[in-house]
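Student: 3D model of this:
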Amino acid sequence: MSVDESPLTLGVEEEFHVVDLRSRRLVPAAPDLLGRLPARWFGAELQQSTVETNTAVCHTLGELGAEVYRLRQHLISTAAARGLGIAAAGTVPIAATGEARVTRNARFHRMLDNYQMLVREQLICGAQVHVGLPDRDVAVAVSQRITRWLPPLLALSASSPYWAGEDTGYASARTLVWQRWPTAGLSGEVSSAAEYDALIDSLVASGVISDPAMIYFDVRPSSHLPTIELRVCDACPVLDDVLLLAGIFRALVRRERDAVMDGVPAVMPPMPMQRAAMWRAARSGLEGELVDPLTLRPAPAADILSRLVKELGDYLAADGAADEVQELTAAVLRRGSSASRQRAAYRERGRLTDVVDHVLEETGAAPSDESTGMSLAAPRGAH
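Tutor: Next comes the predicted model:
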């Protein structure tokens with residue numbers, strides 16, 4: 001096995017819910033906040049109850065952690081001054097789809113006209129990880145090869161057990177909402193950037209989507225950056241979990257990129273099996289069983305995640321992140337998923353407001369210095 005140790009950059013886009021600190025209800029207050037935040041780092045999303053942050057390009061998990069933390073703190077402090085809270089989770093418990101307001105943007109309102117219920121119920125937040133991969137042919141090939149490893153990453157991020165005041169029985173209800181979009185999920189088999197672009201052109205020409213930015217595949221070459229992008233994850237309250245996802249995804253990209261360059265044949269499960277595996281991850285999360293990506297049989301999520309991190313050891317080492325990722329993995333397996341912690345918060349007193357408070361608290365917490373060895377100095381130009 002040869003490991004190409006050339007650096008692979010990292011970046012993260014995080015989506016956050018805006019809630020009223022008195023009622024803990026989701027509120028359409030993002031436009032007011034965005035008017036007080038630098039547009040370079042903060043942006044609007046489809047709903048007026050959501051704010052997105054975009055990190056600078058980073059090279060280490062420590063650098064990424066410092067960047068994500070400072071952007072979170074800037075957003076949280078700006079919101080607190082307006083009586084608002086910031087929640088990083090796939091969904092928040094106290095939200096009503098009938099109260100949703102679409103951001104005042106011509107494109108978003110065209111989407112509302114076209115997709116109706118899908119837009120009105122898009123009260124969800126995710127986290128996207130970008131890894132630098134400028135060769136689009138390689139990025140397409142890597143996207144295909146990584147597909148079978150997406151379910152454990154979804155399970156790791158699962159943070160949306162509640163929807164409209166009810167426990168859904170799922171660890172990631174966000175996934176159920178998200179997968180209704182016509183281009184969410186799998187891309188199907190494509191072998192080159194040209195073939196991938198032709199697929200996108202055909203989807204736009206069909207009239208089902210209006211532009212390439214509406215390609216929502218689970219993993220894809222970015223539509224606007226020289227990166228490959230992971231799109232399946234719920235937003236994560238605990239910042240360490242964002243770093244763990246980024247570290248594992250970058251190592252997977254490195255491994256599969258090297259395999260492409262070495263001519264190693266891809267092994268991909270049938271599309272119905274992959275869809276079933278993603279459903280299982282959304283249902284069970286980190287605490288239950290997943291479909292093992294290698295055997296296609298049930299296995300504990302914790303075992304699959306631990307084995308994946310072990311198998312990626314050389315690639316994590318090439319990124320200088322082996323110790324950090326191992327420690328972050330051990331920590332999340334001790335702590336459990338956000339979905340399980342939210343349910344535990346509810347069981348204490350049977351109050352959904354306690355669940356929101358729990359998520360707000362975790363969203364504002366610093367990353368663990370022990371795990372990442374990071375400096376929390378503000379990233380250059382962040383403010």
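Student: just the strands in the protein please.
Tutor: 10-20, 42-44, 50-54, 84-87, 126-132, 162-163, 166-167, 219-221, 227-234, 289-291, 298-300 (DSSP state E).
Student: for the second one, buried residues please.
Tutor: By neighbour count on 16 or more other CB atoms under 10 Å, the buried set for strand 42-44 is 42-44. From N, CA and C alone the C-beta is placed, and that goes for glycine too.
Student: just put those in TSV and tack on distance to residue 203.
Tutor: Below are the buried residues of strand 42-44 laid out as TSV (distance: CB to CB, whole Å):
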residue	distance to residue 203
42	30
43	24
44	24
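Student: for residue 109, state which of these is nearest.
Tutor: Nearest to residue 109 among those is residue 44, at 12.8 Å by CB to CB.
Student: for residue 202, see how far away residue 272 is.
Tutor: Distance from residue 272 to residue 202, counting by CB to CB, to the nearest Å: 22 Å.
Student: spatially central residue in this structure, please.
Tutor: Compute the mean C-alpha point of the chain, and by CA atoms, centre = their mean the closest residue is residue 127, 2.6 Å away.
Student: any idea what it is bridged to?
Tutor: Beta bridges link residue 127 to residue 14, residue 233, judged by DSSP bridges.
Student: wait, doesn't it sit right on residue 238?
Tutor: No: if you go by CB atoms under 8 Å, residue 127 and residue 238 don't touch, sitting 11.3 Å apart.
Student: what about the nearest residue to residue 178 once chain neighbours are set aside, how many neighbours?
Tutor: The shortest distance from residue 178 to any residue other than its chain neighbours is 5.6 Å, reached at residue 184 (CB to CB, 6 or more residues apart in numbering). Neighbourhood size, residue 184 [other CB atoms under 10 Å]: 18.
Student: next: residue 162.
Tutor: By other CB under 10 Å, neighbour count at residue 162 equals 25.
Student: so who does it touch?
Tutor: Residues near residue 162 by CB atoms under 8 Å, 6 or more residues apart in numbering: 91-93, 168, 173, 342, 352, 355.
Student: got TSV for those, with neighbour count, distance to residue 311 and pLDDT too?
Tutor: Output for those, formatted as TSV (neighbours: other CB atoms under 10 Å; distance: CB to CB, whole Å; pLDDT from 0 to 100):
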residue	neighbour count	distance to residue 311	pLDDT
91	26	32	98
92	29	35	97
93	28	36	96
168	19	32	98
173	26	30	98
342	29	30	98
352	19	40	98
355	25	35	98
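Student: report the two of the residues you listed separated the most.
Tutor: Longest span within those, CB to CB: 173 and 352, 14.1 Å.
Student: now do residue 375, the pLDDT please.
Tutor: Residue 375 carries a pLDDT score of 45 in this model.
Student: revised request: answer the last question for residue 99.
Tutor: pLDDT at residue 99 comes out at 82.
Student: so who does it touch?
Tutor: Residue 99 makes contacts with 26, 28, as judged by CB under 8 Å, 6+ apart.
Student: make it 10 Å
Tutor: Counting by CB atoms under 10 Å, 6 or more residues apart in numbering, residue 99 makes contact with 25-28, 49, 120, 123.
Student: relative to residue 144, how far out is residue 196?
Tutor: Here the criterion is CB to CB. By it, residue 196 lies 10 Å from residue 144.
Student: need the overlap of contacts for those two.
Tutor: By the contact definition CB under 10 Å, 6+ apart, residue 196 and residue 144 are jointly contacted by 187, 190.
Student: for residue 253, which non-adjacent residue is spatially closest?
Tutor: Residue nearest to residue 253 in three dimensions, not counting chain neighbours: residue 131, with 4.6 Å by CB to CB, 6+ apart.
Student: coming back round to it: my read is that the residue nearest to residue 178 contacts residue 174, right?
Tutor: No: with contact defined as CB atoms under 10 Å, residue 184 does not count as touching residue 174 (11.3 Å).
Student: which residues do those two both contact?
Tutor: In contact with both residue 184 and residue 174: residue 232, using CB under 10 Å, 6+ apart.
Student: could you count how many residues lie near the nearest residue to residue 145 once chain neighbours are set aside?
Tutor: Nearest non-adjacent residue to residue 145, counting by CB to CB, 6+ apart: residue 256, 4.2 Å away. Taking other CB under 10 Å as the neighbour definition, residue 256 ends up with a count of 23.
Student: just residue 182 next, same as before
Tutor: For residue 182, the count of nearby residues is 13 (other CB under 10 Å).
Student: I'd say it and residue 204 touch.
Tutor: No: at 11.7 Å, residue 182 does not count as touching residue 204 under the criterion of CB under 10 Å.
Student: shared neighbours, these two?
Tutor: In contact with both residue 182 and residue 204: residue 214, using CB under 10 Å, 6+ apart.
Student: pick the one among the buried residues of strand 42-44 closest to residue 347.
Tutor: residue 42 (34.9 Å).
Student: show the model's pLDDT score for that closest one.
Tutor: At residue 42, pLDDT is 98.
Student: how about it, what does it touch?
Tutor: So residue 42 contacts 16, 30, 33-34, 36, 51-54, 71, 74-75, 78 (CB under 10 Å, 6+ apart).
Student: put the buried members of the residues you listed into a ChimeraX selection.
Tutor: Here is the ChimeraX command that picks out the buried ones among the contacts of residue 42, judged by 16+ other CB under 10 Å:
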select :16,30,33,34,51,52,53,54,71,74,75,78
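Student: and the two most separated of the contacts of residue 42?
Tutor: 36 and 54 (16.9 Å).
Student: relative to residue 306, how far out is the residue nearest to residue 305 when sequence neighbours are not counted?
Tutor: In this structure, residue 305 finds its nearest non-sequential neighbour in residue 152, 5.1 Å apart by CB to CB, 6+ apart. Residue 152 is 10 Å from residue 306, where distance means CB to CB.
Student: who has more neighbours, the two?
Tutor: residue 152 (26 against 16).
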